[in-house]
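Sequence below, structure please.
(3 chains)
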Amino acid sequence: MSKKNLVLVDGSGFIFRAFHALPPMTRPDGTPVNAVFGFCNMLTRLLKEHTGTHLAVIFDAGRTTFRNAIDPRYKAQRPEPPAELIPQFALVREATRAFAVPAIELDGFEADDLIASYAEAMKAAGGEVIIVSSDKDLMQLLGNGVSMLDPIKSTAIGPAQVMEKFGVTPAQMIDAQALMGDSVDNVPGVAGIGPKGAAQLINEYGTLDAILAAASSGTMKPSKRRDALIAHAEDARISRRLVELRCNVALPCPIDDLAIAPHDDAVLHDFLDAQGFKSIKARLGLDGLARRHEERSAPPVAAVPVVTTSDAPFGPYETIDTEAALDRWIADIIATGFVAIDTETTDLNARRTRLVGISLATAPGRAAYLPLGHEAGEQLPRALVHARLAPILTDPAILKIFHNAKFDLHVLAAAALPDAAPFDDTMLISYALEAGAHGHGMDELSVLHLDHKPISYDEVTGTGRNRVSFSAVPVDRATAYAAEDADVTLRLWQWLRPRLREAKALTLYETMERGLVPVLLAMERAGIMVDRDDLVAMSDEFARRMDEIQRDIEQLVGHAFNLGSPKQLGEILFGEMKLQGGKRTKTGAWGTDAAALEELAEAGHELPRRILDWRQLQKLKSTYADALVTEIDIEDRRVHTSYAQAIAATGRLSSNDPNLQNIPIRTSEGARIRRAFIAAPGHALISADYSQIELRLLAHVADIPALKASFINNEDIHARTASEVFGVPMEGMDGATRRRAKAINFGIIYGISAFGLARQLGIDNGEAKRYIDAYFARYPEIRRYMNDTREFARTHGYVVTPFGRRCHVPGIADKNPARRGYAERQAINAPLQGGAADIIKRAMVRLPDAIAASGLDMRILLQVHDELLFEAPIDQAPAAAAVAREVMQQAAVLSVPLLVEAGIGANWSDAH
DNA sequence: AACGTCCCGTAC
DNA sequence: GACGTACGGGACGTTA
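A predicted model of the protein is given here:
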């Protein structure tokens, strides 16, 4: 087998150089393409002339890398690229694909680090490397089979050229750069020392450490330069960490996949043709080809980097059971700069669980399990593990990657380990990219993106009565399962993280979703106090009243039956008693829901009314009073819900175990449940809720002047709607009219249909249709918004909130009209519901800083979609309410004001 | 006995 | 078929 020869093109470096070196040129549609042209020329030449066997173009992935953690100043003052260059970034990536060359980038690392890592890997495999670049930052890699080629001047750069230009060897370039600094990248270096001075010092003392030692010890004779070295010794050391390249980054794509492959003539032809690069087409002999498609609508082809998944096997994995193994892994994590972490626990509830083991992964296939609390098997002492892991968790230069970080952070905190920072969360990355398209659990994403089905939790622990705690699972079995989860998390991160930029979801993810994690964590920890005795008393009372009602009902029916069985009830109402007007559910059973029973009651029947009464008590007793009592934490007498952040297709949170987002409020009996949610002694609850936030968003996104004016003038919006639609004056409006308008407003938000509105209002379809028509006539922009939104959803498969969140709507192109109609209503609703979710999330992320700045002792306890509930000492409650209102109202700037109403009370009901 | 589905009802 | 988003309890039928 002949020797491998890998050519690595510094794509990002080339773009900038070509842009400045070449005269401006544009393609027919005006898009500037001079750097793209230079790039295509360069690739053509490379492919024709060089003798390599493998080729890849490497790009910078983003603005922030691990270097920002070392020194926030790094590249901080680098200006935005010129406007003419910006569209060319994507085009250059597209060009790379058109040439069938892998384009590789990795978030968190610069192109230079990937080049260094690929060069290192190739050297290890005994091959040669040519780096196509002229950047001095890459010169430290030269020698031992690695050479450099200046793509503009077509000259070779080797150790001799480095020595000629900088007076040091390639290996010494790192120390030289640390001394020189770099004004473009904002690497500090040592003031007053440039290339010449650096070379002199290195040639005299050998290394940076020796130079700094000589300066501080007095071996160096006193001079301005020595003073500068002493003063800036730390800067020099930081600079060295900034300029030294990482040569062990996990390769996003194995070297074998970089083998040069023939391109598709038609694809390349179409691309070059679209750019108007006739000369390159001619040189490649492509000008005879006809275009495949006359008009390929302007390619919104978000340049998808060819970051392939690794083909490293999933296991076997190592069990860390010796101090030496642990130290080896810690060293690996530090060298890699990131680590995927997964915790194994006794229970699936994050707040009730205890840590049993930790798995770690630093590269695809490179993962291990660290058992801590298994009932059998060799395990390292916890104190030792804590001492080694804590610095990793808090190291700002090491990114911790989790899948559902909130869970692991709960567990780690309970084990007295520090909060992990910085961190990434693959579940939230997936959610930010594709909410509504599919679930975001690890197993589902693994099958979807990695084509690999991981061992399931149930397989390891068993299910049902056979289920055992994870601590009882043998360590070897636990390793196979747990390490695989860390491995999968790491691979998902490598696959998904780069996609955030393409989907324009990076800011959404970093600030809203990831930023929300610590806030939710604190809320779940805080919990809320409930009056246990009150709930128990209510439960007893409800039981008594249900018994009474049951006796009445059995009297009416003439025999006993299960009141909780809709099936039995339907048979009695429509079979035995032969009541008229019954409807069937979709499975053919008699419908007995509240609307149906209400109708029967109004027709004068006694039984349905009693059933409705019984059902209300049954609901309050079982779902609320009894269930809540079982959820009270014995330690602090509070209930702690858990928020799910990656479930709702619109961006909303959901709440479970227990669900505190559906506590009753509307009926007087229901409000009694809410009254059992109380402030801690000496404290008050503060409720702050957005007024009409979804209608305000509608006025904003659909740009409805009449609606916007109503909000700007702070009118009663439902009364105004009634006045406009029914032509009645606002003053002295009767309640029923306003209620109808309110239902229409809600209907609009839900993607109105005449059928739905008719059902809601108990009117016929024709009348409902007349209402809707009147509404559209008065607010014509609504119809346009609905049509535009449907259209957008059809072409993209998703809709977008005003804050850039994509909500996917599967079924939007379904040929079944019912399913399509459903998807269309989702599409109309999602930007409004999702936009409201975005706004409150932004407020939540900003609140901790605002609270800290206020000096108040207030905590966020709950979120209920458009409401936040806080707790504060009684005397601070008014100030706390003011802080809450201010942050919430300022969370977004729309073309209508945001209004937040706040209340204070000893319990949740009174706080409204 | 455990699980999935249906029906129903609570919230925003 | 049936105006949007969730969670969960009880009944009931199916699996083990």
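
Walking through the stretch 351-500 of chain A, point out its strands one by one.
Per DSSP state E, counting those that start in this stretch, the stretch 351-500 of chain A carries strands over the ranges A:355-363, A:366-371, A:399-402, A:423-425.

just checking, A:N745 touches A:H718?
Yes - assessed by CB atoms under 8 Å, A:N745 is found in contact with A:H718 at 6.1 Å. C-beta coordinates here come from the backbone N, C-alpha and C atoms, glycine included.

Longest helix of chain A, counting residues only.
In chain A, taking DSSP state H as the definition, the longest helix is helix A:817-854.

That one vs DNA strand C: in contact?
Yes - Helix A:817-854 is in contact with DNA strand C by CB under 7 Å from any atom of the strand, via A:P817, A:A818, A:G821, A:Y822, A:R825, A:Q826, A:N829, A:A830, A:Q833.

among those residues, who's most crowded?
For those, the largest neighbour count, defined by other CB atoms under 10 Å, is 29 neighbours, found at A:A830.

gap between the residue of chain A at minimum distance from DNA strand C and DNA strand B?
For chain A and DNA strand C, the shortest gap (CB to the nearest atom of the strand) falls at A:G756, measuring 2.5 Å. In this view, A:G756 and DNA strand B are 13 Å apart by CB to the nearest atom of the strand, to the nearest Å.

Just the element for that residue, please.
Assessed by DSSP states H and E, A:G756 sits inside helix A:754-761.

Within range of DNA strand B, give me the residues from the stretch 401-550 of chain A.
A:T463, A:G464, A:R465.

Let me know the closest of the residues you listed to A:Q692.
A:T463 (46.2 Å; CB to CB).

residues near that closest one, how many?
Neighbourhood size, A:T463 [other CB under 10 Å]: 10.

Next, it: phi, psi?
Main-chain torsions, A:T463, degrees, to the nearest 10: phi -130, psi 170.

All the helices of the stretch 151-300 of chain A, residue numbers only.
Per DSSP state H, counting those that start in this stretch, the stretch 151-300 of chain A carries helices over the ranges A:159-166, A:173-180, A:195-205, A:208-217, A:224-231, A:233-243, A:265-275, A:278-283.

for the record, mean pLDDT for the first one?
Confidence over helix A:159-166, taken as the mean pLDDT, stands at 81.

now the angle from it to helix A:195-205?
Put simply, helix A:159-166 runs at 120 degrees to helix A:195-205, going by axes from the mean of the first three to the mean of the last three CA atoms, to 10 degrees.

quick one: buried residues of helix A:159-166?
Going by neighbour count (16 or more other CB atoms under 10 Å), the buried part of helix A:159-166 is A:P159, A:Q161, A:V162, A:F166.

Which strands or helices does that helix pack on?
If contacts are counted by 3 or more CB pairs under 8 Å, 6 or more residues apart in numbering; DSSP states H and E, helix A:159-166 sits against helix A:173-180, helix A:195-205.

what's the closest of those helices to A:D552?
helix A:173-180 (88.0 Å).

residues in contact with A:M220?
A:M220 is in contact with A:I211, A:A214, A:R226, A:L229, counting by CB atoms under 8 Å, 6 or more residues apart in numbering.

quick revisit: and the pLDDT for the residue of chain A closest to DNA strand C?
90.

same thing with the one 5 residues further on?
Reading off the per-residue confidence, A:L761 sits at a pLDDT of 89.

and the gap between it and A:R739?
8 Å (CB to CB, to the nearest Å).

Have a look at these two and say which one is more surrounded.
Ranked by neighbour count (other CB under 10 Å), A:L761 and A:R739 place A:L761 first, with 17 against 13.

Might you report the residue contacts of that one?
Counting by CB under 8 Å, 6+ apart, A:L761 touches A:R740, A:A743, A:A768.

Show me the helices in the stretch 501-650 of chain A, by range?
Using DSSP H, counting those that start in this stretch, helices in the stretch 501-650 of chain A cover A:506-507, A:514-526, A:532-557, A:566-570, A:594-602, A:606-619, A:627-630.

In TSV, list the strands of the stretch 351-500 of chain A along with mean neighbour count and mean pLDDT.
What follows is the strands of the stretch 351-500 of chain A, written out as TSV (neighbours: other CB atoms under 10 Å; pLDDT from 0 to 100):
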stretch	mean neighbour count	mean pLDDT
strand A:355-363	25	97
strand A:366-371	26	98
strand A:399-402	24	96
strand A:423-425	23	97
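
residues touching A:R806, list them.
So A:R806 contacts A:L433, A:E434, A:A435, A:A503, A:A505, A:Y798, A:V799, A:V800 (CB under 8 Å, 6+ apart).

unless I'm mixing things up, the fifth one is touching A:G804, no?
Yes - in this structure, A:A505 is within contact of A:G804 by CB under 8 Å, at 6.9 Å.

So between the two, which is more surrounded?
Ranked by neighbour count (other CB under 10 Å), A:A505 and A:G804 place A:A505 first, with 22 against 15.

Same question for A:E871, what's its three-state structure.
strand (DSSP: H, G, I helix; E, B strand; the rest coil).

mind listing what it touches?
Counting by CB under 8 Å, 6+ apart, A:E871 makes contact with A:A526, A:I528, A:A679, A:A680, A:H683, A:A684, A:L685, A:I686, A:M858, A:R859, A:L861.

one more time with 10 Å, if that's ok
Residues in contact with A:E871, defined by CB atoms under 10 Å, 6 or more residues apart in numbering, are A:526-529, A:678-680, A:683-686, A:857-862, A:877, A:880, A:911.

ok, back up a step: mind putting the buried residues of helix A:159-166 into TSV with distance to DNA strand B?
Converted to TSV, these look like this (distance: CB to the nearest atom of the strand, whole Å):
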residue	distance to DNA strand B
A:P159	65
A:Q161	66
A:V162	64
A:F166	64
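
What residues does the stretch 451-600 of chain A have near DNA strand C?
Taking CB under 7 Å from any atom of the strand as the test, the list of the stretch 451-600 of chain A residues beside DNA strand C reads A:N562, A:G564, A:S565, A:K567, A:Q568, A:K586.

Out of those, who's the most crowded?
Busiest of these [other CB under 10 Å] is A:Q568, holding 15 neighbours.

Identify the spatial nearest neighbour of it, chain neighbours not counted.
What sits nearest to A:Q568 in space, not counting adjacent residues and going by CB to CB, 6 or more residues apart in numbering, is A:F561, at 4.7 Å.

so that neighbour touches A:G575, yeah?
No - taking contacts as CB atoms under 10 Å, A:F561 lies outside contact range of A:G575: 11.8 Å.

which residues do those two both contact?
Counting by CB under 10 Å, 6+ apart, the residues touching both A:F561 and A:G575 are A:Q568.

hmm, back to that, just give me the neighbour total for the residue nearest to A:Q568.
15.

cool, A:A282 as well?
When neighbours are counted by other CB under 10 Å, A:A282 registers 12.

I'd like to know how far it sits from A:H269.
Using CB to CB, A:A282 is found at 11 Å from A:H269.
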